[in-house]
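Participant: The following block contains a protein sequence and its predicted model.
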Amino acid sequence: MMTNTKLTEGSISKALVKLAIPITGTSFVQMAYNMTDMIWIGRVGSKSVAAVGTAGFFTWLAMAFILIPKTAAEIGVAQSIGKEDIKTAKGYVQNTVQLIIFLAILYGSIILLFRNQFIDFFKLGDQEVIQKAIDYLVIVTLGFVFYFLNPVLTGILNGYGNSKTPFIMNCIGLIANMILDPLLIFGLGPIPALGVKGAAIATISAQLIVTISFIISIRGKFILFDKFSLFKKPQMDYMKKIMELGFPVGFQSGLFTIFSMFLARIIAHWGAVPIAVQKVGAQIEAISWMTAGGFSTALGTFVGQNYGARKGERIYKGYFIALGLVGCIGVFATLLLILGARPVFSVFIPEKEAIAYGIEYLRILGLSQLFICIEITTAGAFNGIGRTIPPSVIGIVFTGLRVPAAKILSSEKLLGLNGVWWSISISSILKGIILSVWFMMLLYKSPQIRMKKSTNT
C-alpha cells in the first residue's frame, strides 16, 4: 500500500511546499491542456477559437457538478486522515466516486438533449461559428464520465496527502493531448484534418487515458480504495455530508460560469474576435489562478489534516506561509501580463486585430492577479476547516456584480469593450481583499483554530 504524507507534524513550510509542488504541477498540466488546444486551434482561425470558447462554457459549467464531490473528498479524506480514521476516509471515497459518475451521466444527457438551445443563448450571429461550437460540444460531452471522474480521483489522493500520483497521471494525459491535437486538427497522411472536431476528440481521448492510468495506479496500492465497489448502495449519511461540504463551492462555480456567459453575450456585441480574445486571455491568466489553485488545494489538505488533529497553531502559520508564496506568483503574473502583453498574446492568435484587443485585455486583467491569488488560496484555507460558505458568498456576490458593472462601463460614452475587462479586474481585487480579511479575523477570534499551539515550524 502507498502511504500518505503526514502533515500534522514536522516543518510546516517543507510539508506545505512538498504537497503543493505536485498539485501546482498538476494545475500547470491542466492549463497546458487548454493552452495546447488554443495554440493549435488559433492557427485555424479566430472563428474556430470563438466556437471552442463558446462550447467551453458548458465544460466550465460542468465544474459546478464536479466540485461538489471533489471538494468533499479533499476535505473529508484530509480531516479523517488527521483523525487517523481510515474507515470514514474510505466512506468518502466510495460515495464521492459513485456521485460523480451519476452527475456526469445526468449533466451529459441534458447537454446532448438541449445542445442547440444552449449554443443559441450566446446569439453569435455567425452560422459557421455556431455549427463548430455544437460539433465540439457534442463530442466532448461523450467523454464526460472521464472528464468528471479524473478531478475527483485527484481530490481523493490530494486529501490523503499523495499529490505526486495525480501529477504523473495528468502529465500522461497532457503528452497524449499534445500528440493528438495537431494530428487530428490538421491531419497527417491517411488521417483527415478534422479542425474543431479533432480538438474535441483529442481532449476526450486524453481524458480517457488519464482515467485508465489512475485505475492501474491505484488498484491494490492505496488503502483508501481497498474493497471499493462501484455497485455498493450509496450511504445517505455520507451523501448528506458531501452535499454540505461541496454544494457551496459547486454552486459558486456554477453561478460564476453563468455570470461569465452573460458577459460573453455582452462581448459578442463586438463580434467573434473579442470572444476569441477573452477565451485566449483567460488561458494566459491561468498562469496565476491555476498555480494559486494548486496552493489552495495543498493548503486545504494541510489545514484539513491539522484541523482533524486539533493543531490550530500549524493552521495559523501554514496560512501565512502559503500567502507569501502565492503573493510572489501574483506579482510575477502581473508583471508578465502588463509588460509582456504583446509577445505573450501573439503566440496564440497571430491576427493583427486580435492582438490589439488582447493587449488591452491582458494589461487590465494584469492589475488583479495578486488579489486573485490571495482569494483562491484563502478559499483553500476556509475549505480545510470545513467552512465552504464564506468563499462562496464573496465569490457569488462580487462575480455577479460584474454583469451590471460591465453593462454600465462598456457603454459607448464610457469605456466600450474595455469596460467589460475593468468590471472583471475590479471585482477580483475586491474579492481578494475582503475574503483574506475575513479569514484573518477568523484566525484571531476562533477558539477552534487557536486550540493548542504547536512549536513545529
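Facilitator: On my side now, so go ahead.
Participant: was I right about Gly25 contacting Phe167?
Facilitator: Yes - with contact defined as Cβ atoms under 8 Å, Gly25 and Phe167 form a contacting pair (4.8 Å). Where C-beta positions appear, they are placed from N, C-alpha and C, glycine not excepted.
Participant: Would you mind telling me which of those two has the busier surroundings?
Facilitator: Phe167 (22 against 19; other Cβ atoms under 10 Å).
Participant: quick one, what contacts that one?
Facilitator: Counting by Cβ atoms under 8 Å, 6 or more residues apart in numbering, Phe167 makes contact with 22-23, 25-26, 29.
Participant: and what of Val152?
Facilitator: Listed by Cβ under 8 Å, 6+ apart, the contact partners of Val152 are 66, 69-70, 73, 96-97, 100.
Participant: In these, find the pair that's most separated.
Facilitator: Of all pairs drawn from these, the one with the longest distance (Cβ to Cβ) is Ile66 and Val97, at 12.2 Å.
Participant: The stretch 251-400 of the chain: helices as residue ranges?
Facilitator: With helices called from DSSP state H, counting those that start in this stretch, the stretch 251-400 of the chain shows them at 272-308, 312-339, 341-346, 352-366, 369-384, 389-400.
Participant: Report all helices and strands that the third one contacts.
Facilitator: Yep, that's helix 341-346 we're talking about. If contacts are counted by 3 or more Cβ pairs under 8 Å, 6 or more residues apart in numbering; DSSP states H and E, helix 341-346 sits against helix 272-308, helix 352-366.
Participant: Which residues belonging to that helix are considered buried?
Facilitator: By neighbour count on 16 or more other Cβ atoms under 10 Å, the buried set for helix 341-346 is 341, 344-345.
Participant: What is the nearest of these to Asp237?
Facilitator: Closest approach to Asp237 among those (Cβ to Cβ): Val344, at 49.3 Å.
Participant: could you dump the helices of the stretch 251-400 of the chain to TSV with mean pLDDT and distance to Ile185?
Facilitator: Output for these, formatted as TSV (pLDDT from 0 to 100; distance: least, Cβ to Cβ, whole Å):
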stretch	mean pLDDT	distance to Ile185
helix 272-308	80	16
helix 312-339	88	27
helix 341-346	86	20
helix 352-366	88	18
helix 369-384	92	30
helix 389-400	90	33
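Participant: Can you convert the ones you listed into a markdown table and add a column each for distance to Val44?
Facilitator: Converted to a markdown table, these look like this (distance: least, Cβ to Cβ, whole Å):
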| stretch | distance to Val44 |
| --- | --- |
| helix 272-308 | 11 |
| helix 312-339 | 25 |
| helix 341-346 | 16 |
| helix 352-366 | 13 |
| helix 369-384 | 29 |
| helix 389-400 | 31 |
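Participant: right, and the helix or strand after the helix or strand where Phe58 lies?
Facilitator: Using DSSP states H and E, Phe58 falls within helix 46-82. Downstream of helix 46-82, the next assigned helix or strand under DSSP H and E is helix 86-113.
Participant: tell me the angle of that next one relative to helix 46-82?
Facilitator: Angle of helix 86-113 versus helix 46-82, following axes from the mean of the first three to the mean of the last three Cα atoms, to 10 degrees, is 160 degrees.
Participant: how many degrees apart are the helix holding Phe58 and helix 369-384 in direction?
Facilitator: 40 degrees.
Participant: Helix 46-82 versus helix 272-308: what angle between them?
Facilitator: With the same axes, to 10 degrees defining the directions, helix 46-82 sits at 0 degrees from helix 272-308.
Participant: can you list contacts of stretch 174-189?
Facilitator: Under the criterion Cβ under 8 Å, 6+ apart, residues 29, 32-33, 36-37, 40-41, 43-44, 191, 193-199, 201-203, 205-206, 209 lie in contact with stretch 174-189.
Participant: list the buried ones in it?
Facilitator: Using 16+ other Cβ under 10 Å as the test for burial, stretch 174-189 gives 174, 176-178, 180-186.
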